[in-house]
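Peer 1: I need the structure of the sequence given here:
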Amino acid sequence: MRTLCSSTLIGEFFVIGFAGLVAMKDPGLTTSTVWLVSGIAMVLCLLLCGMVTRPGGVALGWALQLALVASGVFVPTMFFMGAVFGALWWASVHFGRKVDEAKARFAAQADSSGTSGPSTTADVA
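Peer 2: I've put the predicted structure just below:
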């Protein structure tokens, strides 16, 4: 799950940066406000990459997805991009957990059959 979710978060990191560039053109927003909010969201993306398997990591990821959709108020394209990344986040969590379960099942089968993996020349000697 960690690989899929982290890949989604890294993609969001870049999308948030580009959305910040677009938001700077809004005359109602100051440059410092745009980059403060965008910077916090970008750092959160990076921190979540390491926290995604910890308790609450997935929930924080969902909160980030909601914030991404809500940013469409300032950059209308983000309604669409937020929905796309929300779907990617769901798929990353859903299929990532299935992959983790399959890995655990295969590891348990390998342990019960007594095999520890492929043999090497060092094992033979």
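Peer 1: how far does the helix or strand that contains Ala107 sit from the chain's center?
Peer 2: Here Ala107 sits within helix 77-113, counting by DSSP states H and E. How far helix 77-113 lies from its chain's middle: 11 Å, per CA atoms, centre = their mean, to the nearest Å.
Peer 1: ok, stretch 59-69 next?
Peer 2: Offset of stretch 59-69 from its chain centre (CA atoms, centre = their mean): 10 Å.
Peer 1: I'd like the average pLDDT over that stretch.
Peer 2: For stretch 59-69, mean pLDDT rounds to 94.
Peer 1: can you list the weak-confidence ranges in the protein?
Peer 2: 114-125 (pLDDT under 70).
Peer 1: give me that answer again for 50
Peer 2: Counting by pLDDT under 50, the chain has low-confidence residues at 125.
Peer 1: burial count for Val75?
Peer 2: For Val75, the count of nearby residues is 20 (other CB atoms under 10 Å). Yep, even glycine has a C-beta here, placed from its N, CA and C like the rest.
Peer 1: over to it. Which of the three states is it?
Peer 2: The assignment at Val75 comes out as coil when based on DSSP: H, G, I helix; E, B strand; the rest coil.
Peer 1: which strands and helices sit next to the helix holding Ala107?
Peer 2: The contact analysis (3 or more CB pairs under 8 Å, 6 or more residues apart in numbering; DSSP states H and E) places helix 77-113 against helix 2-23, helix 57-70.
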